[in-house]
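Novice: what's the 3D shape of this:
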Amino acid sequence: MRKVIVTGGSRGLGLAIVRRLICEGYCAITVARQMNDQLASTIEHAAQAHPGSIHFRPFDLGGVQEIPAFVKALD
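Specialist: Purely as a prediction, here's the structure:
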């Protein structure tokens, strides 16, 4: 399964992209500052149809110096 990082994936366009990717067989690593109800619901539904297809990683991309370490820690 190919993995894709989606920033801003907790709502709006980012969440729509996550939903489309998992339907296409990708594993989406969703990056946002915090979990919200929309993302939690999407993860719950995806777990039934596409187990393990969404992984949430909280991170504030405003911490530019911390991005390289964050990316290295992603699996």
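Novice: Quick check: buried residues in stretch 10-30?
Specialist: 10, 14-15, 17-19, 21-22, 26, 28-30 (16 or more other C-beta atoms under 10 Å). Where you see a C-beta, it was placed from the backbone N, CA and C, and this is true even at glycine.
Novice: what's the answer for stretch 56-71, then?
Specialist: 56, 59.
Novice: ok, and what's touching that stretch?
Specialist: Residues outside stretch 56-71 that contact it (C-beta atoms under 8 Å, 6 or more residues apart in numbering): 5, 7, 10, 29-35, 39, 43, 74.
Novice: circling back: what I need now is the buried residues of stretch 10-30 written out in a markdown table, including secondary structure for each item.
Specialist: Output for these, formatted as a markdown table (DSSP: H, G, I helix; E, B strand; the rest coil):
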| residue | secondary structure |
| --- | --- |
| 10 | coil |
| 14 | helix |
| 15 | helix |
| 17 | helix |
| 18 | helix |
| 19 | helix |
| 21 | helix |
| 22 | helix |
| 26 | coil |
| 28 | strand |
| 29 | strand |
| 30 | strand |
